[in-house]
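Colleague: I need the structure of the sequence given here:
(one chain, ligands or ions: 1)
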Amino acid sequence: MRRILFVINPISGDIDKSDVHQMLVQVCKEHGREAGLFETTGNNDLDRLQQYLQQHAYEAVFAAGGDGTVSLVAQAVQALGLPMGIVPLGSGNGLSKDLGIPQDPAAAVELVWAHREQTIDTLSVSGHFTAHLADLGFNALVVTRFSEGTTRGPGAYVRIALQEYIGYEPARYRIETETETWEGEAFMLTIANARTFGSNVVINPDGLLDDGWFELCLIEPFPAAAAPRMLYHLYSEGFEESEYTRRLRCRRARIAVLGQDTVQVQVDGEPLELSTPLQVSISPRSLRVLVP
Ligand SMILES: Nc1ncnc2c1ncn2[C@@H]1O[C@H](COP(=O)(O)OP(=O)(O)OP(=O)(O)O)[C@@H](O)[C@H]1O
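Modeller: Numbering: from 1, shown residues only. Coordinates of the predicted model:
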C-alpha cells in the first residue's frame with residue numbers, strides 16, 4: 001500500500017483540523033507512503049469522490065471525520081473493492097470504536113503501515129447504505145434535531161436528547177423477518193450491523209460485523225422511573241438484562257410503522273425521511289476495512 005487518499009471532513013466533531021492535513025502528509029512521508037487529500041463539501045460528495053477515485057490510482061482510502069464521512073468513504077470504496085481505514089475525527093466515531101481503531105488520530109494513522117484487513121457485512125435500509133447502525137424512533141429524532149442545529153459535538157447531542165425525551169410519543173411497529181413477526185410499540189428500534197453507538201451505548205452486545213446477520217434491537221416504552229436503570233444497562237453491555245428490550249436476529253426484514261407513510265430514520269449518523277414499510281437486507285462480507 002503506497003498511495004493513500006485521506007477524505008477529510010473539515011467540520012466534523014467541531015474539531016479544528018488545520019494541523020491534521022500536515023500531520024497526515026508528514027507521517028505518510030516518514031513511512032514511505034504518498035498521501036492524497038480530498039476535502040468534503042457537504043454537497044454531492046459521493047459522486048465527486050467516486051469520480052476522483054476513478055481518475056486517480058489509490059490503494060486505500062481513509063475517512064478522516066465522523067460516522068457520516070466513514071459511510072461516504074465506505075460506499076465509494078466498496079464499489080471499487082478498495083480497503084477503507086478510519087482516522088476518527090467526529091463527534092461519536094461509532095464504527096471505528098466497533099473495529100477497535102484507536103480514538104487518538106495520531107495512533108489511528110499508524111494503520112497506514114501497520115494493520116490487518118477484515119471484510120465486514122454492510123446493510124441496505126430501503127436502498128440506503130449502512131455499515132454501522134440505523135435506527136427509527138427516539139434516537140433518529142435526536143439525530144435529526146442535531147443536524148438542524150448549529151452546534152456539533154457530544155454536548156449538543158445530550159442537550160437535545162433531554163429536551164426531546166419530555167413528551168416523546170413512541171410509534172407502533174410491525175416487523176416481519178424471514179423467521180418471525182413482531183408487532184408492538186417501541187421507544188426506539190435499531191437496525192444493527194455493529195455493536196456500539198458513538199456515544200458508547202452498547203445496543204447489540206454480541207453483534208458481529210462479519211457474521212452475515214444483522215439484529216433488530218428494540219427498546220419498548222418504559223416508565224420515566226426506569227430510565228436511569230435503562231441507561232445503566234445500555235452503558236454496561238446489559239441490553240438483554242432489561243425487561244423492556246428484545247432483539248430479533250435476521251438476514252432480511254420488512255418494517256412497517258403503523259399509521260405512518262413516512263418515517264424519520266438515522267442511517268450511519270445521517271437523518272433521512274423514508275417511505276414505510278422499510279426493506280432491510282444484508283450484503284455479507286462486502287467491505288474491506290483496515291484494523292489494528
Ligand atoms: N465542508 C463541509 N461543510 C459543511 N458540511 C459538511 C462538509 N463536509 C461534510 N459535511 C457534512 O458533514 C456531515 C457528516 O459529518 P460526520 O458524520 O463526518 O461528523 P460528525 O457528525 O461530527 O460526527 P459523528 O457522525 O461521528 O457524530 C454530513 O452531513 C456532510 O454532508
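
Colleague: What strand or helix carries residue 229?
Modeller: Here residue 229 sits within helix 227-235, counting by DSSP states H and E.

Colleague: Mind checking the pLDDT average for the next helix or strand after that helix?
Modeller: Counting by DSSP H and E, the next helix or strand C-terminal to helix 227-235 is strand 245-250. Throughout strand 245-250, pLDDT has a mean value of 97.

Colleague: Packing partners of the helix holding residue 229?
Modeller: Contacts defined by 3 or more C-beta pairs under 8 Å, 6 or more residues apart in numbering; DSSP states H and E place helix 227-235 against no helix or strand at all. No exception for glycine: its C-beta is placed from N, CA and C like everyone else's.

Colleague: Buried residues of it, list them for me.
Modeller: 230, 233-234 (16 or more other C-beta atoms under 10 Å).

Colleague: number of nearby residues for the residue of the stretch 1-150 of the chain found nearest the ligand?
Modeller: For the stretch 1-150 of the chain and the ligand, the shortest gap (C-beta to the nearest ligand atom) falls at residue 66, measuring 2.0 Å. Neighbour count of residue 66, defined by other C-beta atoms under 10 Å: 27.

Colleague: Confirm for me that it is in contact with residue 86.
Modeller: No - Residue 66 lies out of contact with residue 86 (C-beta atoms under 8 Å); the separation is 9.9 Å.

Colleague: tell me, what's touching these two both at once?
Modeller: Both residue 66 and residue 86 are contacted by residue 93, under the criterion C-beta atoms under 8 Å, 6 or more residues apart in numbering.

Colleague: Identify each buried residue in stretch 39-56, please.
Modeller: Buried residues in stretch 39-56, counted by 16+ other C-beta under 10 Å: 40, 45, 48-49, 52-53.

Colleague: Cross the residues you listed against helices and list the overlap.
Modeller: Counted as lying in helices by DSSP state H, out of the buried residues of stretch 39-56, are 45, 48-49, 52-53.

Colleague: With distance to the ligand and pLDDT added, can I get the residues you listed in CSV?
Modeller: Below are those laid out as CSV (distance: C-beta to the nearest ligand atom, whole Å; pLDDT from 0 to 100):
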residue, distance to the ligand, pLDDT
45, 6, 97
48, 11, 98
49, 11, 98
52, 15, 97
53, 17, 97
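
Colleague: in the lengthiest helix in the chain, what counts as buried?
Modeller: Looking across the chain with DSSP H, the single longest helix is helix 67-80. For helix 67-80, the neighbour count (16+ other C-beta under 10 Å) marks 67-78 as buried.

Colleague: same deal with stretch 247-265?
Modeller: Under 16+ other C-beta under 10 Å, the buried positions of stretch 247-265 are 247-250, 253, 255-257, 263-265.

Colleague: how about those, which pair is most distant?
Modeller: Between any two of the buried residues of stretch 247-265, the greatest separation by C-beta to C-beta is 24.8 Å, found for 249 and 264.

Colleague: if you go through the stretch 151-292 of the chain in chain order, where are the strands?
Modeller: Secondary structure of the stretch 151-292 of the chain (DSSP state E, counting those that start in this stretch): strands located at 171-177, 181-186, 188-192, 214-219, 245-250, 252-257, 262-267, 270-275, 278-291.

Colleague: What count of nearby residues applies to the residue nearest to residue 40 when sequence neighbours are not counted?
Modeller: Spatial nearest neighbour of residue 40, chain neighbours left out: residue 9 (4.7 Å); criterion: C-beta to C-beta, 6 or more residues apart in numbering. As a burial measure, residue 9 scores 24 neighbours (other C-beta under 10 Å).
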